[in-house]
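A.B. asks: heads up, no residue letters with this:
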């Protein structure tokens, strides 16, 4: 337990440092001391307005979104018993993108686009659940590997269908709206209206998942052992799928489609600290949040005052990191 607490404390310090860095980095230069001062006692200065109205809400939204994606990735890797699974493997991001694009093409904006994204993600979740309900409800123990493969294949096929529909919608979209649509599809925190739903969802997901950490450790050893030790495998599968789906839907609603966070963060933590889910789930939330805050800070400062889509930054970071993790994992084996 002491080791777990040290890991959490170290990651919390990294996350806090990333948040503080995000507050004084940007087109308007604000010193670290000034940031600390206006955080403690807001005033009417420009620095205070920039920190409290622009940078702090965006940094908190980035932290919550990254935490949700990493947590959903860790959950999906338990559900599918595959360390390379991520939140988008079941087509949730594709459904959310279709919902958001439909809202944009209908002339909606702001909260309505977010509502469309959330609705699309829920539709995708319902489709996967309906198509793979027998796998989620439990299969004979000998067929568990096949059940996970079918669930994965269902998501991949559905994601391909959403991708084709997105391409069709982009083809007929008005040119004046294409830039905003493409930024959203690549992940964009600039248009985030609120960070509260994402933070609340992250907290609730942790409250639900952390007490189940011991059962998740047993499930990773196979359904036969889990059944023998009294773990309700079918119920746990449904719970994991629901939590991962809702977490991904809220993340996509908040910041658009952002890849690699849910894949590389749990995988890196597993290689570094082990596969104990009681430690890994909160650690994934902290590390994922810190990673996305740093990526978003880089996205809005590297060519300031212009901003890059944060999803492109995470992809640039994620590809070499993931290759390094794979090589490291191969050396260990």
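C.D. replies: Right, received. Where do you want to start? Please read all numbers here as calculations on a predicted model, not as lab measurements.

A.B. asks: not including adjacent chain positions, what is the nearest residue to residue 60?
C.D. replies: Excluding the flanking residues, the one nearest residue 60 by Cβ to Cβ, 6 or more residues apart in numbering is residue 195, at 4.2 Å. Using the backbone N, CA and C atoms, a C-beta is placed for each residue, glycine as well.

A.B. asks: contact partners for the one you found?
C.D. replies: Residues in contact with residue 195, defined by Cβ atoms under 8 Å, 6 or more residues apart in numbering, are 57, 58, 60, 61, 64, 254.

A.B. asks: do the same with residue 292
C.D. replies: Residue 292 makes contact with 62, 63, 65, 66, 67, 69, 258, 261, 310, 314, according to Cβ under 8 Å, 6+ apart.

A.B. asks: re the thing from before, between the contacts of residue 195, which sits nearest residue 302?
C.D. replies: Of all the contacts of residue 195, residue 302 sits closest to residue 58, with 15.8 Å by Cβ to Cβ.

A.B. asks: so that closest one is in contact with residue 297, correct?
C.D. replies: No. Look at residue 58 against residue 297 with Cβ atoms under 8 Å: they stay out of range, at 9.5 Å.

A.B. asks: picking up where we left off before, any of the contacts of residue 292 buried? List them.
C.D. replies: By neighbour count, with 16 or more other Cβ atoms under 10 Å, the contacts of residue 292 hold 62, 63, 65, 66, 67, 69, 258, 261, 310, 314 as buried.

A.B. asks: mind checking pLDDT for the fourth one?
C.D. replies: Which is residue 66. Here the pLDDT value assigned to residue 66 is 95.

A.B. asks: please apply the same query to the second one.
C.D. replies: Looking at residue 63, its pLDDT reads 97.

A.B. asks: just the element for it, please.
C.D. replies: Using DSSP states H and E, residue 63 sits in helix 56-79.

A.B. asks: any idea which helix or strand comes after that helix?
C.D. replies: Taking DSSP H and E, what comes next after helix 56-79 is helix 92-105.

A.B. asks: packing partners for the helix or strand following that following helix?
C.D. replies: Counting by DSSP H and E, the element after helix 92-105 in chain order, helix or strand, is helix 111-131. Applying 3 or more Cβ pairs under 8 Å, 6 or more residues apart in numbering; DSSP states H and E, we find helix 111-131 packed against helix 92-105, helix 144-172, helix 233-255.

A.B. asks: nearest to residue 81, of the ones you listed?
C.D. replies: When the helices and strands packed on helix 111-131 are compared by Cβ to Cβ, helix 144-172 sits nearest residue 81, at 5.6 Å.

A.B. asks: could you name the helices and strands sitting against the closest one?
C.D. replies: Identification of packing neighbours for helix 144-172 by 3+ Cβ pairs under 8 Å, 6+ apart yields helix 92-105, helix 111-131, helix 133-137, helix 175-185.

A.B. asks: from the chain's centre, how far out does the first one sit?
C.D. replies: In terms of Cα atoms, centre = their mean, to the nearest Å, the centre of helix 92-105 is found 17 Å from the chain centre.

A.B. asks: give the other helices and strands that it contacts.
C.D. replies: Contact here means 3+ Cβ pairs under 8 Å, 6+ apart; on that basis helix 92-105 packs against helix 111-131, helix 144-172, helix 175-185, helix 233-255.

A.B. asks: any buried residues in the third one, and which?
C.D. replies: By neighbour count, with 16+ other Cβ under 10 Å as the criterion, the buried positions of helix 175-185 are 181, 183, 184, 185.

A.B. asks: nearest to residue 87 among those residues?
C.D. replies: Among those, and counting by Cβ to Cβ, the member closest to residue 87 is residue 185, at 15.8 Å.

A.B. asks: just checking, the closest one touches residue 258?
C.D. replies: No. Contact criterion Cβ under 8 Å: residue 185 and residue 258 do not qualify, at 10.2 Å.

A.B. asks: so what sits against both of the two?
C.D. replies: Shared contacts of residue 185 and residue 258, defined by Cβ under 8 Å, 6+ apart, are found at residue 311.

A.B. asks: returning to what we had before: comparing the helices and strands packed on helix 111-131, which comes out most buried?
C.D. replies: Of all these, helix 92-105 has the most neighbours on average by mean count of other Cβ atoms under 10 Å, namely a mean of 25.

A.B. asks: mean confidence score for that one?
C.D. replies: In this model, helix 92-105 carries a mean pLDDT of 83.

A.B. asks: where neighbours are concerned, which of the contacts of residue 195 has the most?
C.D. replies: Highest neighbour count within these: residue 64, with 29 neighbours (other Cβ atoms under 10 Å).

A.B. asks: returning to what we had before: now render the helices and strands packed on helix 92-105 as TSV, adding distance to residue 271 and mean pLDDT.
C.D. replies: Below are the helices and strands packed on helix 92-105 laid out as TSV (distance: least, Cβ to Cβ, whole Å; pLDDT from 0 to 100):
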stretch	distance to residue 271	mean pLDDT
helix 111-131	29	79
helix 144-172	21	80
helix 175-185	30	77
helix 233-255	21	85
